[in-house]
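Student: Got a predicted model here, sequence first, then my questions.
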2 protein chains.
Amino acid sequence: MTVTQEELRRRFHRHGLRMTPQRVAIYTALVGTSSHPTAEWLLTAVRRSRPRTSANTVYYTLGALRDAGLVQEVNYGHGSARFDGNMDPHHHVICRGCRRIFDVQDRTLDRLTVKGGLPRQFIVTGHRVEVYGYCAECREARAGRRGARRGPALLYIQRQRRR
Amino acid sequence: MTVTQEELRRRFHRHGLRMTPQRVAIYTALVGTSSHPTAEWLLTAVRRSRPRTSANTVYYTLGALRDAGLVQEVNYGHGSARFDGNMDPHHHVICRGCRRIFDVQDRTLDRLTVKGGLPRQFIVTGHRVEVYGYCAECREARAGRRGARRGPALLYIQRQRRR
DNA sequence: GTATCAGGTAGGATCGATTCCTAACTGTCC
DNA sequence: GGACAGTTAGGAATCGATCCTACCTGATAC
């Protein structure tokens, strides 16, 4: 997705955010990818055009964009926070192998009914459906070591060794 | 929930886990609460009976229990990982104010159909629904500063009449 | 156009959760 | 009872994220 300079100005202005080269770079990089990048990925991306950008700026900016509702933070544990420039209603499919996050646009998931008891007087502001599994690339790697674990596979993610 | 010594032995043994006092303490503490505690909370709990238990042991044990499928790790970003001794299919309600996590048991949420395109050849192993909002205690604190941000209406859940 | 200044940036220090490393310890099985 | 792989403790190291501070600069008013 691309955003015109004018639309960019409007979005930033609406939330009282200054339009600096760093912010424009960070925001457009984020809106321009569907890869749900980490702050570090964005830092690297931004440094291609502005090598002296600091990590601090990326965190500060992402925080500001998040608070303004221009961007959302999606965390599934396991290391760094991920960010998503797509603010349209959508849910996520997460590969347990490579940890990639894919988008799913599905109207029916946007409207769910909770029958089971919510906590008393709980006000619902939103919800999110996460689908877990294995992408085409990872299913093969997994096919080898089959049967080692059976599981209510749902709801748990194997931690990846940090390298 | 409580677990007999015998059942405990069976569960540990099934996964080739040794039954040490530390592990028993950690596991029973986790199964005995519905508060989705952090590793640190568990460390404090365990140290009441075994003061010399190290943080490392808690992490190591939680990792082992998680990998064995006896426990699940539930992360919603914001600091420490949370753990859940409840392995029955259930979903979570998260208060954006105090960050508490409540359980929701709802059969209909366990069976969702994703119509929107999943990535090609993606194998689904599970899913989870997270409901966000504000608990009774936090809604008041929030009532003051109303209207500052409107949420993306997209993700909303219809609340069904409580039986 | 210039001044003004709150908001933004850089860079280093710090924090906090988690993992790594290593040596000592101990359930479990034979 | 002995052997040994799995565990534990404790400290060091790592890494993402935040804090602190001084400097800088868009945006607005003049």
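Tutor: Good, I have the coordinates.

Student: near chain B at all, the longest strand along chain A?
Tutor: Taking DSSP state E as the criterion, chain A has its longest strand at strand A:123-134. Yes. For strand A:123-134, a contact with chain B is found by Cβ under 8 Å from any Cβ of the partner chain, at A:123-134. To be clear about C-beta, it is placed using only N, CA and C from the backbone, and glycine gets the same treatment.

Student: avg pLDDT for that strand?
Tutor: Strand A:123-134 comes out with an average pLDDT of 91.

Student: just the angle between that strand and strand B:123-134, please?
Tutor: Comparing the axes of strand A:123-134 and strand B:123-134 via axes from the mean of the first three to the mean of the last three Cα atoms, to 10 degrees yields an angle of 160 degrees.

Student: Give the pairing partners of strand A:123-134; include direction for each.
Tutor: Paired neighbours of strand A:123-134 in the sheet (DSSP bridges): strand A:91-95 (parallel), strand B:123-134 (antiparallel).

Student: circling back: of the residues of strand A:123-134 next to chain B, which is the nearest to A:T108?
Tutor: For these, the minimum distance to A:T108 (Cβ to Cβ) is 10.0 Å, reached by A:V129.

Student: beta partners for that closest one?
Tutor: B:V129.

Student: I figured it hits B:V124, correct?
Tutor: No. Between A:V129 and B:V124 there is no contact under Cβ atoms under 8 Å: 11.6 Å.

Student: Give me the contact status of the strand or helix carrying A:E7 with chain B.
Tutor: Using DSSP states H and E, A:E7 falls within helix A:5-14. No. Using Cβ under 8 Å from any Cβ, helix A:5-14 stays clear of chain B, with a minimum separation of 11.8 Å.

Student: Residues contacting that helix, please?
Tutor: A:3, A:18-19, A:23-24, A:27-28, A:70 (Cβ atoms under 8 Å, 6 or more residues apart in numbering or on different chains).

Student: rerun that using 10 Å as the cut-off
Tutor: Helix A:5-14 has contacts (Cβ atoms under 10 Å, 6 or more residues apart in numbering or on different chains) with A:3-4, A:17-20, A:23-24, A:27-28, A:31, A:64-65, A:68-70.

Student: re earlier: who's more crowded, A:V129 and B:V124?
Tutor: A:V129 (23 against 14; other Cβ atoms under 10 Å in any protein chain shown).

Student: quick one, what contacts that one?
Tutor: A:90-93, A:104, A:106, A:108-110, A:112, B:91, B:109, B:112, B:114, B:127-130, B:155.
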